[in-house]
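**Q** Return atomic coordinates for the entry below.
(chains A, B and C, ligands or ions: 5)
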Amino acid sequence: MAKVTIDGVEIEVPDGTTILNAARSAGGDIVPPAMCYYSKLEGSGGKCRTCLVKVTQGSTNDPRPMPKLVPSCRTNVMDGMVVENITSPQVLEARKGVVEFLLINHPLDCPICDQAGECDLQNLGFKHGAVNTRFEEERRTYEKIDIGDKIKLHMDRCILCYRCTFVADQVAEGGRCHGVINRGDHAEISTYIEKAIDSDFSGNMIDVCPVGALTDKTARFGSRVWFTKPMDAHRDCDHPKCSGKVVVWEKGDEILRVTGRKDQYNEVESFICNTCRFEKKKTSDWVIEGPRHIDRKSVVSLNHYEHLKDIKEDILKYQKQISENLNKG
Amino acid sequence: MGRKILLEHENVPGIETLEVYRKMGGYRAAEKAIKSMAPDDVTEEVKKAGLRGRGGAGFPAGMKWSFIDKKSDKPRYLVCNADESEPGTFKDRYLMEKIPHALVEGMIVSSYALGAKTSYIYIRGEYFYVLRILEKAIAEAYEAGLLGKNIFGTDYSLDLYVQIGGGAYICGEETALLESLEGKRGNPRMKPPFPAISGLYASPTVVNNVETIAAVPHIVNMSGDEYAKIGIERSTGTKLISASGHINKPGVYEIELGLPVEEFIYSDEYCGGIKDGRKLKAMIAGGSSVPILPAHLITKTANGDARLMTYESLSDGGFASGTMLGSGGFIIMDETACIVRHTWTLARFYHHESCGQCSPCREGTGWMEKVLHRIEHGHGTMKDIDLLVDISKKIEGNTICPLGDAAAWPVASAIRHFREEFEYHVLNPEKIKDPKHFEKEPFVSSVTQNA
Amino acid sequence: MSEIAFSAEAMEVVKKIIKRYPEGRQKSALLPVLHVAQAEFDGWLSPEVMDYVASILEIKPIEVYEVASFYTMYNLQPVGKCLLEVCQTGPCMLNGADDLVAYLENKLNIKVGETTTDGMFTLKTVECLGSCGTAPMLQCGADYHENLTNEKADALIEKLRTDNKRSRYC
Ligand SMILES: Cc1cc2nc3c(=O)[nH]c(=O)nc-3n(C[C@H](O)[C@H](O)[C@H](O)COP(=O)(O)O)c2cc1C
Ligand code: SF4
Ligand code: SF4
Ligand code: FES
Ligand code: FES
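**A** Ligands and ions are numbered 1, 2, ... in the order given. Predicted coordinates:
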């Protein structure tokens, strides 16, 4: 076991635990935000840099501080380690930078995005971002594409967390046929030549996607997530690897979409098969257990819809500014 | 004349062949090491020599070798980093092209020291013609029994292969290089684990630069202690410097570490002074990634000491007034050079070369390039200059691999030392005239006019 | 399109490359084999060619696309017979790379990134090729052309036209 102190909170965890998971085991504000790490996907993490923390004391044996901020999702605790997350101005500054980087090429379409309300990036932006963007250049844009008949890719929104590629490698059967092509800020998620992603578990890519880049084409959204009622439900799924435990998003008698059950860190409790996700759209397909309790601090749970209005106003202001500038020549 | 070790025989006709190389004393070190030294003794000599990595980071080679996991039952690998893509650097190419056996012998001696039975040289894709030269040298060595089974009749056997890259600066970063050698995208790995524990094919691996490896046979021949007598302080031995830019004699020079920068720039033995007798304006001493220095900090440090070509002296003053020896890519700019344009080309380079894995580098490098492009083309604002500094700060130290730092430093240092020139671009857009290409009349900034 | 297959010689080369790596690590051969493929099949990698390489190395096609699109030397679109790659990074810029690019654009009557109408030349700008001491320079196939002047560039273009051979790295 190792004892680690994060923002003054002392936690004891088994050796080999990451700083992030140590923080999660205690919960609360000391938990760094994570956009790319996913505990159920091996090799994930390290890329987005939102979870950077400061290690002010390496361990009891070697108390030297670490020279740079470290990704808490990929750094193991040591006995006697002292970590600063939200108590470090340096961390907050770096995190603000990361949020800004993630947003500069992200479209300003939250009000029309079907992930709005359950988007990790949106939540992150509220909590850690700067209000105004300083990015005056043209944003990257991509065409929306269908990858298979059930999943749509809006590459504009992708933050290249690589989670969906890990799902394809580790969860979906039949091997990966999409991946990351090109490099640098031209990198994109793609099948390269249009190919359907065809696997019983491919739908889980939608659930792990932290933003609205991968969406369920079979979902019937007329309304935004917060007008639908998420209900825990299950069915006796005959797929051996599918738990059959889901959340159905109801509106009246209709099931608008089916997703995995997500915990407070927005990770699914278990992966579900495509039949459950895409084909079972009648209330009679499911045994409804009761309303889904969402305790994560999201836009949905915090009734933060008000902020969305602000964002929308910001966008309108921004658009107006652009068109004025354009008119000025 | 400074002492030459690596390039002592550079002008001997036929030195690229095994025959002539051997005639000049080649492969004596390999024979000595394999026949009469224990592997750890070789490592010990390299430690004593104080040889530091010549690829850029300057990490002591002997110490790196001693980290290799000896308990692992997996094969060990030595991988030579011949990716050489740092702008301003072309010394590995010169050495491999001129004296390919120097690297082959270095690989044999170093592989022996590390207990590697298979070793690879990873060379950048654009150097295809150098690959052919190396392959020829390797074939000669196999034929002569210097590679393959039972070298020099001992029970030490080694296979050596050259791997070609596909065009990506990031593959010079050692873990990206290993990924690439495994046939993948050149995405750097997260450390730890370090290659010495889990490198190529998850086996213990050492990655060293061409020049580092080529120095090893000389250390074995002359002994580590003798080698350590060359140079000064912790900068021992000789270093290959690639000199380019506005100088009379661009090229690759071997120097004894400790040579005054002033002598290197102005002496006829080396750069031969500034082109066309113009004035020195700026220097990048160690490849494009290291901070640029203005004229008054080049030949003297901030304290007024003579600046020397050593790891320590070049970095004297930290980032405020110093730079780094890096890969030894020595770029000189005279008074006609436009720092803004030069900085923009470097920002474009890092933007182009970012692997895109982590967000600060992926997004930040592109952002910096776009802002610099605007300033260079007469559409910048004063706020943009501070924005650049801020972006660079938010990249630096926050990325997976040091490419983020490498992208941040040139921009931050150019603004630190040449802010006026950026401001001049902002304030005088009409003089910039949106040049699609560099104008015939070189841009002369207020900074140079006042100098 | 006829069936894609390496010539017997190319196949020999590929087999030799694969032997350099331990059992089960044949994916390591991907970068060198893609070079061979590009040289074999008209200087670029079509999806069909990449699928073929994937089948030889027993890996998934996406693994090939991911890699081929990461590295700059693999052309994913057809290019002219001779690909002129002019270095434009700092040290070359200091010594007239921009002028060289402008001169070539003018001479060939194309912009960077374009191919001449006769399909003979594609002009591309690239980043540092490790030839900064002999700037300005360009690479065409495996050959480095250094210390270029307008006259040398003229002579080079003339020679490439007369030779009328596809440029290749290997
Ligand atoms: C972005 C980047 C590019 C690099 N390029 C090279 C290179 O081209 N050649 C090289 O030898 N080292 C390069 N390095 C340094 C290597 O990661 C590594 O430190 C070096 O190969 C170790 O060898 P040495 O200790 O002998 O210098 C690069 C590092 C980074 C971060
Ligand atoms: S599509 Fe979603 S899951 Fe996949 S890399 Fe992009 S953001 Fe991550
Ligand atoms: S710093 Fe840049 S090059 Fe290095 S891993 Fe991150 S994105 Fe890739
Ligand atoms: S969650 Fe740790 S780097 Fe992305
Ligand atoms: S900058 Fe052009 S070859 Fe190095």
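**Q** so residue C:152 sits in a strand?
**A** No - going by DSSP: H, G, I helix; E, B strand; the rest coil, the assignment for residue C:152 is helix, not a strand.
**Q** Now it: closest residue in space that isn't a chain neighbour?
**A** In space, and not counting its chain neighbours, residue C:152 is closest to residue C:145: 7.2 Å by CB to CB, 6 or more residues apart in numbering or on different chains. (Each C-beta comes from the backbone N, C-alpha and C, glycine too.)
**Q** Give me the pLDDT for that neighbour.
**A** Model confidence at residue C:145, given as pLDDT, is 98.
**Q** and it, what does it touch?
**A** Contact analysis of residue C:145 by CB atoms under 8 Å, 6 or more residues apart in numbering or on different chains lists C:137-139, C:152, C:156.
**Q** could you redo the last one with a cut-off of 10 Å?
**A** Residue C:145 is in contact with C:84, C:86, C:131, C:134, C:136-139, C:152-153, C:155-156, counting by CB atoms under 10 Å, 6 or more residues apart in numbering or on different chains.
**Q** all strands for chain C, in order.
**A** For chain C, applying DSSP state E gives strands covering C:82-87, C:121-126, C:138-140, C:143-145.
**Q** Okay, residue B:204 and residue C:73: tell me how far apart.
**A** From residue B:204 across to residue C:73, the span is 31 Å (CB to CB, to the nearest Å).
**Q** CA-only coordinates of stretch C:123-132, as PDB, when you get a sec.
**A** Presented in PDB, the C-alpha positions along stretch C:123-132 are these (Å, rounded to 0.1, in the frame of the first residue of the first chain):
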ATOM      1  CA  LEU C 123       6.400  20.600 -57.200                       C
ATOM      2  CA  LYS C 124       6.400  20.200 -53.500                       C
ATOM      3  CA  THR C 125       7.900  22.100 -50.600                       C
ATOM      4  CA  VAL C 126       9.300  20.000 -47.700                       C
ATOM      5  CA  GLU C 127      10.900  20.600 -44.400                       C
ATOM      6  CA  CYS C 128      14.700  20.300 -43.600                       C
ATOM      7  CA  LEU C 129      16.300  17.500 -45.500                       C
ATOM      8  CA  GLY C 130      19.600  17.600 -43.600                       C
ATOM      9  CA  SER C 131      21.400  19.600 -46.300                       C
ATOM     10  CA  CYS C 132      21.300  23.000 -44.800                       C
END
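**Q** tell me the mean pLDDT over it?
**A** Mean per-residue pLDDT for stretch C:123-132: 98.
**Q** on that earlier part again, check the contacts of residue C:145 for burial and list the buried ones.
**A** C:84, C:86, C:131, C:134, C:136-139, C:153, C:156 (16 or more other CB atoms under 10 Å in any protein chain shown).
**Q** out of those, who's nearest residue C:96?
**A** Nearest to residue C:96 among these: residue C:136, at 5.0 Å, using CB to CB.
**Q** Is that closest one in contact with residue C:95, as I believe?
**A** Yes - using CB atoms under 10 Å, residue C:136 is in contact with residue C:95, at 5.6 Å.
**Q** Could you pull out the residues contacting both of these two?
**A** C:147-148.
**Q** what's the domain layout of chain A?
**A** Per automatic domain parsing, the structural domains of chain A span A:2-100, A:120-130+A:145-291.
**Q** now those in JSON lines, with mean neighbour count and mean pLDDT?
**A** Listed next are these as JSON lines, based on neighbours: other CB atoms under 10 Å in any protein chain shown; pLDDT from 0 to 100:
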{"stretch": "domain A:2-100", "mean neighbour count": "20", "mean pLDDT": "96"}
{"stretch": "domain A:120-130+A:145-291", "mean neighbour count": "19", "mean pLDDT": "89"}
